[in-house]
Each structure stands twice: as C-alpha cells, then as structure tokens.
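J.: The sequence and its predicted three-dimensional model are supplied below.
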Amino acid sequence: MNVSLGTPPFPIMAIADTGSDLLWTQCKPCEDCYTQEDPLFDPKASSTYKDVSCSSSQCSEFGTRASCSTDKTCSYSIAYGDRSHSKGNVAADTLTLGSTNSRPVQLKNVIIGCGHNDAGNFNKKTSGIVGLGGGAVSLVSQLGDSIDGKFSYCLVPFTSEKDLASKINFGTNAIVWGKGVVSTPLIKKSPETFYYLTLESISVGSKKIQFPGINSGTSEGNIIIDSGTTLTMLPTEFYSQLEEAVASQIEAERQEDPQGVLSLCYSATADLKAPVITMHFDGADVKLDFSNSFVQLSEELVCFAFRGSDDLSIYGNLSQMNFLVGYDTVSQKVSFKPADCAKM
C-alpha cells in the first residue's frame with residue numbers, strides 16, 4: 001500500500017500486513033538493509049519526526065521487542081514468521097494516507113519504526129511494512145475510533161499487470177456488503193496481534209475434510225488470517241488428507257518443486273482440471289478460484305498453494321486474492337466477497 005511519512009510527505013510503498021503490528025520503513029542511514037528501488041526515508045529531512053524516549057508509554061507498548069539505546073531513545077527489534085527482521089528506532093511522525101475524496105488525510109504523531117537493520121524476504125519494490133494487526137501499536141489501533149474498528153482490502157492477483165496496487169479502505173468505506181458476502185466471527189485470543197477465525201472443514205469438489213478438533217469443541221479460533229503470508233498453512237496430518245484428495249481428482253503427472261517448498265506440483269503446460277476448493281469457516285463458505293488454490297512458480301511449474309505446518313495455521317494471501325476482505329473489530333467479524341480487485 002502507498003502511504004507518505006513525515007513533513008513534507010515522503011511517499012513509501014509498504015506491505016499491508018494483518019499478521020503484525022508495527023508500521024516501519026527503511027531509514028537513512030541504513031547500516032545493514034535489503035536493497036530497495038525507491039529512495040530511503042531520511043528522518044533528518046522531516047520537520048515532524050521525533051525519536052521516542054525509553055520512559056514513554058509508546059516505548060512500553062512494545063514490551064520485550066523494545067530496548068533502550070545509549071542516548072535513552074527507544075529501539076525496536078521485530079522478527080517475522082519467515083525469519084525476516086527489522087531493527088531500528090521507535091519514532092513518531094506524521095502519516096499521510098490517500099483518500100477517496102482525493103484530499104489526503106494527515107495523522108499526526110503516529111508511532112513508526114525507522115529501520116536501520118532489515119533483512120529477509122522483502123521485495124525490492126517495497127520500503128517496509130504497515131502493520132494492521134490487533135496490537136496497540138498497529139495502524140488500525142492508532143487510527144482508533146476514527147475508523148470505528150473497520151478496514152478492508154482487495155488483493156490484486158500476482159498474474160495481473162505488474163503496477164496495480166491493491167486497494168485498502170478504512171472506516172465507513174471499508175464496510176463489505178451486497179450480493180455474495182459471507183461473514184465469520186473474529187475470535188479473541190492471545191497474542192492480540194493476530195486475527196483468529198474458525199475453520200471447520202475444507203471441501204475438495206464434493207469431498208469434505210474436517211479440521212482436527214472440530215467435534216471436541218477445541219477448535220475455536222484455529223487459524224489466523226494474514227495478508228502478509230503467501231501460502232495457506234495447515235496442520236500436517238490435515239494437509240496430507242487435503243493434498244491426497246486434490247491429487248486424486250487431477251489427471252496429470254506430478255512434478256517436483258525444485259525448491260522443495262510445495263509438494264503437489266504439475267506441469268504448467270498441462271491442461272489442469274483442478275477440483276474446486278471451498279473453505280468452510282464458521283458461518284461462511286468461501287469458494288476459491290484456481291488462482292487462489294494454485295500458484296505458478298515458473299513457466300513450467302504450477303503448485304498447490306497450501307502446505308503442512310505444525311506451527312500456527314494461517315489463511316494466506318494467495319487464498320484471499322480477488323476477494324474484498326473486510327475486518328470489523330467492533331462487531332468482531334471478517335467478511336468475504338468475490339471481487340475483481342484489479343478493477344477496484
């Protein structure tokens with residue numbers, strides 16, 4: 001998503017991430033950073049930038065992820081599920097968001113991270129991350145009552161024309177309504193950063209596979225929805241059943257993923273007739289398109305975009321593309337509506 005930081009406003013392109021809280025960008029001087037195409041944000045060039053002190057309440061909201069620098073300013077260190085990380089200064093500055101009525105909205109004293117040491121799986125077209133999680137320092141929490149706990153996004157598929165940015169809305173514009181909308185409850189669990197949903201089962205064509213623990217009632221909030229994770233991750237045993245069901249309905253020769261990340265792959269040139277995958281959340285059946293359930297890794301290879309993991313179960317962004325996904329943290333629900341995100 002596109003935002004601007006500082007005064008005068010400096011544009012940055014960042015990844016909208018519902019699985020983390022902090023809004024950070026790479027900053028000058030960058031001691032050890034990944035390569036980005038856009039210029040780096042220079043805190044010295046912003047008249048409204050200020051480092052946050054160690055004794056401030058803003059610093060204490062970071063908990064164990066904050067530490068005190070020698071000059072008594074607050075530093076942060078954050079690590080992501082894919083082992084990417086960012087380290088730098090906790091600061092406050094003015095954030096400018098584009099608006100539907102074309103007049104930009106300025107938000108003063110937004111807590112940000114000024115990253116001086118960042119590495120991992122970051123795209124060189126992006127300068128950082130906008131954390132949209134449920135924690136205290138996330139942009140959603142900082143916007144507070146002004147957005148009434150509501151935001152939505154529509155993720156443009158990777159196969160679309162390259163320069164199309166995905167749209168994000170806050171407040172009344174974020175309400176997802178109309179034909180085809182389904183909603184599922186948001187479950188409050190720890191850590192508060194994550195948005196937990198309840199996945200009851202997954203259908204492969206007409207074959208329904210039940211998520212572990214559904215009958216024993218231990219499954220409430222068994223999966224998080226995360227716009228910053230690519231694949232959908234499921235418990236290993238459950239994933240094996242899912243993969244077996246998908247493979248049994250595809251008449252094509254299996255191929256190997258040379259990276260060894262995905263286990264169900266086929267030749268991209270084969271005329272794949274894949275079964276329809278439906279995610280059965282509590283109260284909401286979300287029917288996936290082929291581009292949600294399979295990802296093209298190269299000109300030769302297409303793979304099932306789910307994998308087994310016994311850590312956290314995650315509903316990743318490939319599964320969410322071409323859906324208008326609305327979060328309402330006041331009514332405690334997430335809504336899905338099929339959409340052509342490139343046209344929005």
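T.: Sure thing, it's come through. Numbers count the residues shown, from 1 in each chain.
J.: For E200, list the residues it contacts.
T.: Going by CB atoms under 8 Å, 6 or more residues apart in numbering, E200 touches Q210, F211, I214, S219, H280, F281, D282. C-beta coordinates here come from the backbone N, C-alpha and C atoms, glycine included.
J.: Could you identify the least confident member of those?
T.: Minimum pLDDT across the contacts of E200 is recorded for I214, with 77.
J.: wouldn't that residue be in contact with E220 here?
T.: No: taking contacts as CB atoms under 8 Å, I214 lies outside contact range of E220: 9.7 Å.
J.: The two - which one has more neighbours?
T.: Legend: neighbour count by other CB atoms under 10 Å for I214 and E220, higher for I214 (17 against 14).
J.: How about that one, nearest residue that isn't a chain neighbour?
T.: E200 (5.5 Å; CB to CB, 6 or more residues apart in numbering).
J.: Can you identify the element that follows the one helix or strand that neighbour maps to toward the C-terminus?
T.: Using DSSP states H and E, E200 maps to strand 199-204. Downstream of strand 199-204, the first helix or strand assigned by DSSP H and E is strand 207-210.
J.: Quick check: buried residues in that next one?
T.: I209 (16 or more other CB atoms under 10 Å).
J.: Show me what the helix or strand just after that strand pairs with in its sheet, parallel or antiparallel.
T.: Using DSSP H and E, the helix or strand that directly follows strand 207-210 along the chain is strand 223-225. Looking at strand 223-225 with DSSP bridges, its partner strands are strand 196-197 (antiparallel), strand 314-315 (parallel).
J.: which strand is the longest one in this structure?
T.: Ranked by residue count under DSSP state E, the longest strand found in the chain is strand 105-119.
J.: Quick one: mean pLDDT for that strand?
T.: On average, strand 105-119 scores 94.
J.: Which elements pack onto that strand?
T.: strand 24-26, strand 85-97, strand 128-131, helix 139-143 (3 or more CB pairs under 8 Å, 6 or more residues apart in numbering; DSSP states H and E).
J.: which stretch among the ones you listed comes nearest N169?
T.: strand 85-97 (10.3 Å; CB to CB).
J.: what separates that closest one from the chain centre, distance-wise?
T.: Relative to the chain's own centre, strand 85-97 is displaced by 18 Å; criterion: CA atoms, centre = their mean, to the nearest Å.
J.: pLDDT below threshold where in the protein?
T.: Residues of the chain meeting the criterion pLDDT under 70: 160-163, 217.
J.: Domain-wise, how is it divided?
T.: Annotated domains of the chain cover 2-147, 173-343 [automatic domain parsing].
J.: can you redo the ones you listed as a markdown table with distance to K167?
T.: A markdown table is the format used below for these (distance: least, CB to CB, whole Å):
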| stretch | distance to K167 |
| --- | --- |
| domain 2-147 | 10 |
| domain 173-343 | 7 |
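J.: now for the one helix or strand Y327 maps to, which elements pack on it?
T.: Y327 is part of strand 323-328 when elements are defined by DSSP H and E. Contact here means 3+ CB pairs under 8 Å, 6+ apart; on that basis strand 323-328 packs against strand 150-154, strand 333-338.
J.: between it and strand 333-338, how big is the angle?
T.: Relative orientation of strand 323-328 and strand 333-338, computed by axes from the mean of the first three to the mean of the last three CA atoms, to 10 degrees: 160 degrees.
J.: Strand 323-328 to strand 150-154, inter-axis angle?
T.: 170 degrees.
J.: which residues touch strand 323-328?
T.: Strand 323-328 is touched from outside by 18, 140, 149-155, 174-176, 186, 195, 225, 227, 286, 334-339, 341, 344, with contacts defined as CB under 8 Å, 6+ apart.
J.: again, only this time at 6 Å
T.: 150-154, 174, 176, 334-339 (CB atoms under 6 Å, 6 or more residues apart in numbering).
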